[in-house]
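Visitor: This is the structure alone, sequence omitted:
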């Protein structure tokens, strides 16, 4: 803890030394006295060497007297010009100052369509706003109406009609601010009268609309993808929202960013993108699952369209379960986890699929070395009902067949497929419904005797309703299922088939309620019914004499109520989010595990671009993955808390500093955290994890602690974009039960398998032109801890190994650099198809990174030799084709 | 494009590699011993004590600690171990030097082992263990699977009232032949001499050799999931071009009924010693057996002392009766006729040996490895239980 504080202090000191405050005392003072606007602008041009286009209003006779340090003079002068009625507009690094006129940076969408004059939008109506040269009236004109009115609406993609999540909607001075939700919905309060409302979104062209607000009303907006503004000064939504939101530890990555991150086989991969984020680690390449801030792999709630994905990987972790052609975006909550989410104590990964193009039929075809994918989307009823369908499959079987006979894998096979289907229907402006189905299947065998199979299935139905101008409701219900099957016919009459599965049915109701200017409440309830089959064994083949056995099914109900409030008092410098989630876990024996989770976070913005945040989260988890390997294995099963196995619990305190510089192009952040976990399960030596009716006898409880500091610099826009992060973090576990000499490490703290103190990551993309770009991915980390033998002894015909402390050594440090060259499609609108081609090399340096170290006997047991496994031990070139139509 | 993809993909699969690493760590501050053996009631039991060694220790073979062993029963009787000569158990475990004659022990009693390290007087004791009844090997037979081109040896075992847990030990022996019978022996002259030397009748050609493979991995199995305490399973699988079945092959299987705890110990030891490091391997950990150091119970003692009887069965395969073996690709040299003035050069410079003389008075030679079976690693000493006398 002491070292954590030290590092935090150093980081703060460094930040303060690099020019935190733009108005430093050593800035030279500037003075102007009683000069007119022309002279003031000339003065600004000369002093700041800026390009400023100024059109003086003929009626302007104002004079200006300003005395300020140089660092603040410009802003003050521009503010005074604004007070005189001028509009100050920054575009492409150049200023445009004018009064009584409008200047447009882009042609409005539907430019050639018939222009519509000013229109009035009533409270229960919304209309599509795309023209920037128009004044939109919101609400009925009412005599004497003063104060503020609610403006709400949807922000959608201009081409596909799909909702845009995370777009910032705000007034130029930031006095009113909102971010669109997963359905593109926003709501904010504006003063009655004339307003300017800006819409910013990552990789979207900025939109600025003039509003005349009379009363509450709706305004739907379409935004266009930014395709040619490579040098444009576009404010990213993240840049703005970063300092507005009191929550922390939230990482959002969009698919167009994910697609640029090089991967082993060239296919865009959501989970691999997650691994490039600070605070996220994995035990090794090609391993399923990931670890967030010291948590284990089963402590991450992975959601896709509200359904839980229990195994997020295909082919042992080489590919993720998410079809990149279907995914719209993903959000990872590492620290401030919204109260609506619960059930896991480390993180939530919320992956959302597309809703489907509401304008026209479109799709993609992807071709890679090991996989192919497709997607199709479009309207069933234009602007009302849309569908999206996607699928992937692999053809890796042929490759295994090419391996030499003595490799041991030549007779093996490995294959998978997954299918997504989504249907959305918009009843009216206020009500829509969404259905999603996901199914996947993996099957592999490395010998003729044993076959593994596992599958995911998720189906959900979500109804979203805008009950009033300031109240929305979402109701979602669904089923999730994960199962695995092992066919083992190694033994003649002992051949068997074993399967386990976990199933859950859930319902969730969420209300979002804006109350007044400063409070936004979220509240609701969730219920989950669990049904698990811990194991069924049946005979395989006619000769088998295996007795069919089915372990008792496990069931439980988990009910939760949650309430949170996002409170932004005053000007917005200060903001809080606080909430609670009350849980009750019931098992049939009558055992109850009530729990109350806290969600607290707050922020203070020293400036618009610099803020401090802190938060505290507590979480509980009633479902445990049963595994004693470092990586998720295909045969891992899940176990519910019961009379003997208590729920896991954990808390995390975190704080951070966030600074946006360089015209809102560069976000800098430092976050520190301390986390503790209780009742985390470990295993006794020789534990039998499958088909064990008394599994609790083989389990031991441990407690864990994790702490660390994450530094990150992120540039979302411009020719060069990407992020660099460095994480220093530690994770330790300790067995809480005293089992004498059998206690793990004698009851002392030991390193978790994913304890990798130093972690450096870099993801960069440089656009040469709008079509050609290059991506680089660099990953360095300390080698993970392993338990290695410290002695050998002869026993029963061979050398055997003696182990000492758990995870007492480390494998060598990990380093990998990947490069990719991307050719994006041209923008000829008449072209029917658009082809994206990616050439890349994974592990450019060919470093033989160790996945694991193991020792085994050879020479008839007369020698013990150590070996290192490298999963990708050489450069892996790839090419990936993706066609859009 | 297709070809490129093929090359890249194959390269990828081969890129998942395993590399040897050096382990130069010395054994410091970690003390303990390993004690092996079974209390073989009604027969001779063998026990041995081994020291811990650093992983980096390249010393081959085993070194035993000079120790004394005493078996005790719960009625106060004790049997003291002595240095004894080979028993059949040595075929499997090479247990060491001390044997305890338990032929008069009562199988209904409980037993434990006491051992003393005579080098430092540290004393070790096992927990009390029940005697597990001997199981029976019902059959041990081979199958010549022509469809799969496989030679498979299967075994059927049934228990006699044990807990259904078993320890399996395997030993393979096979006799094979050199490519040619060397009926002539060349007696060369000095290397620089021009005298061609002479050929005599070879009375002891290295034509038949034996090899042996004792399974060093710990094998355990159980019948708990089965309808009865009886299991049939394949023990060995090999292709029909395997050298082991080229002439005479023998498999000896030993099975012993053990306790559940004993089974768990051996299974865990097998996993952490032989199957660690896979992508999905369990995290290795140390599991204690049923032995403790009486002077300091925290010290490391490896091993589990069980009580029972090892039963064994042996099977022979003779290719001259079955003809299942199909020679694979082999590098066999042609025979060539060599005139006597070239014998010295052929022997000294080309490593050739005479094979036989021809009807027309010539002499056929070939390379040494084709006439000397020991050059393939075998020995001329046959196992004592072998079915012929080819080593004479």
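Guide: Structure's in. What do you need? Values in this document were obtained by computation on a predicted structure and should not be read as measured data. Numbers count the residues shown, from 1 in each chain, chains lettered A, B, ... in the order given.

Visitor: ok, longest strand in chain B?
Guide: strand B:165-177 (DSSP state E).

Visitor: That one pairs with which strands, and in what direction?
Guide: Partners of strand B:165-177 in the sheet, by DSSP bridges, are strand B:208-214 (antiparallel), strand B:219-222 (antiparallel), strand B:248-258 (antiparallel).

Visitor: can you put these in JSON lines and add mean pLDDT and distance to residue A:527?
Guide: In this view, the C-beta of every residue, glycine as well, is placed from N, C-alpha and C. Putting these into JSON lines (pLDDT from 0 to 100; distance: least, CB to CB, whole Å) gives the following:
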{"stretch": "strand B:208-214", "mean pLDDT": "92", "distance to residue A:527": "61"}
{"stretch": "strand B:219-222", "mean pLDDT": "92", "distance to residue A:527": "42"}
{"stretch": "strand B:248-258", "mean pLDDT": "95", "distance to residue A:527": "49"}
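
Visitor: Of these, flag the one that's most buried.
Guide: strand B:248-258 (a mean of 24; mean count of other CB atoms under 10 Å in any protein chain shown).

Visitor: Quick check: next helix or strand after that strand?
Guide: Remark: after strand B:248-258, the chain's next helix or strand is helix B:260-274, criterion DSSP states H and E.

Visitor: Mind checking the pLDDT average for whichever helix or strand comes after that following helix?
Guide: For helix B:260-274, the following helix or strand on the C-terminal side (DSSP H and E) is strand B:291-293. Across strand B:291-293, pLDDT averages out at 95.

Visitor: Does chain A have contacts with strand B:291-293?
Guide: No. Figure legend: strand B:291-293 not in contact with chain A (CB under 8 Å from any CB of the partner chain); closest approach 9.1 Å.

Visitor: Show me what the helix or strand just after that strand pairs with in its sheet, parallel or antiparallel.
Guide: Sequence-wise, the next helix or strand downstream of strand B:291-293 (DSSP H and E) is strand B:300-302. Sheet pairing for strand B:300-302, assigned by DSSP bridges, gives strand B:32-39 (parallel).

Visitor: and the strand it pairs with, what's its mean pLDDT?
Guide: 92.

Visitor: got it, and stretch A:696-708?
Guide: In this model, stretch A:696-708 carries a mean pLDDT of 93.

Visitor: Are it and chain B in contact anywhere?
Guide: No. Stretch A:696-708 stays clear of chain B (CB under 8 Å from any CB), getting no nearer than 10.1 Å.

Visitor: now swap in stretch A:296-304 and tell me
Guide: No. On the criterion CB under 8 Å from any CB, stretch A:296-304 is out of touch with chain B, staying 12.2 Å away.

Visitor: Quick check: the residue of chain A nearest chain B.
Guide: residue A:854 (2.0 Å; CB to the nearest CB).

Visitor: What count of nearby residues applies to that residue?
Guide: 23 (other CB atoms under 10 Å in any protein chain shown).

Visitor: Which residues does it form beta bridges with?
Guide: Here residue A:854 sits in beta bridges with residue A:867, as judged by DSSP bridges.

Visitor: what's the residue closest to the geometric middle of the chain?
Guide: Assuming you mean chain A. With distances taken as CA atoms, centre = their mean, residue A:331 lies nearest the centre of chain A, 2.4 Å away.

Visitor: Hmm, no, I was thinking of chain B.
Guide: Using CA atoms, centre = their mean, the most central residue of chain B is residue B:214, at 0.8 Å.
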